[in-house]
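S.K.: need the 3D shape of this:
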Amino acid sequence: MLGGIGPMELIIIFLIVILLFGGKKIPEIAKGLGKGIRDFKTSMNGTDEESAKTLAKPDSKPSEPGNPKT
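M.R.: Numbering: from 1, shown residues only. Here you go, the predicted structure:
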């Protein structure tokens, strides 16, 4: 097969990654990669995390200035 990555190559790459980083470090790397991708997507959309959180969880009613929410 020319130019394609087959299942055998993926298995070899996965084994090399496990040997280099160890089983305990791989979840940390995946978490960091996921956060990086998420940050990239939000920056491409033109929104930051704070506005994304505000849009995701709107308040049911605004609090009054003299009466803070509990």
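S.K.: CA-only coordinates of stretch 30-45 in CSV, if you can.
M.R.: Below are the C-alpha coordinates for stretch 30-45, written out as CSV (Å, rounded to 0.1, in the frame of the first residue of the first chain):
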residue,chain,number,x,y,z
ALA,A,30,-4.3,13.6,25.9
LYS,A,31,-5.9,16.0,28.3
GLY,A,32,-3.5,18.7,27.3
LEU,A,33,-4.1,18.0,23.6
GLY,A,34,-7.8,18.2,24.1
LYS,A,35,-7.6,21.5,26.0
GLY,A,36,-5.4,22.9,23.2
ILE,A,37,-7.9,21.8,20.5
ARG,A,38,-10.8,23.3,22.5
ASP,A,39,-8.9,26.6,23.0
PHE,A,40,-8.1,26.7,19.3
LYS,A,41,-11.7,26.2,18.3
THR,A,42,-12.9,28.9,20.6
SER,A,43,-10.4,31.3,19.3
MET,A,44,-11.3,30.5,15.7
ASN,A,45,-15.0,31.2,16.5
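S.K.: pLDDT of it, averaged?
M.R.: Averaging pLDDT along stretch 30-45 gives 91.
S.K.: check stretch 13-23 too.
M.R.: The pLDDT scores in stretch 13-23 average 88.
S.K.: now what about it, what contacts it?
M.R.: Identification of contacts with stretch 13-23 by Cβ atoms under 8 Å, 6 or more residues apart in numbering yields 26, 29. All C-beta spots, glycine's among them, are computed from the backbone N, C-alpha and C.
S.K.: so who does E28 touch?
M.R.: Counting by Cβ under 8 Å, 6+ apart, E28 touches no other residue.
S.K.: ok, it to S43 distance?
M.R.: Look at E28 and S43: by Cβ to Cβ, to the nearest Å, they are 23 Å apart.
S.K.: with I29 instead?
M.R.: For I29, the distance to S43 (Cβ to Cβ) stands at 21 Å.
S.K.: also F14?
M.R.: Distance, F14 to S43, by Cβ to Cβ: 30 Å.
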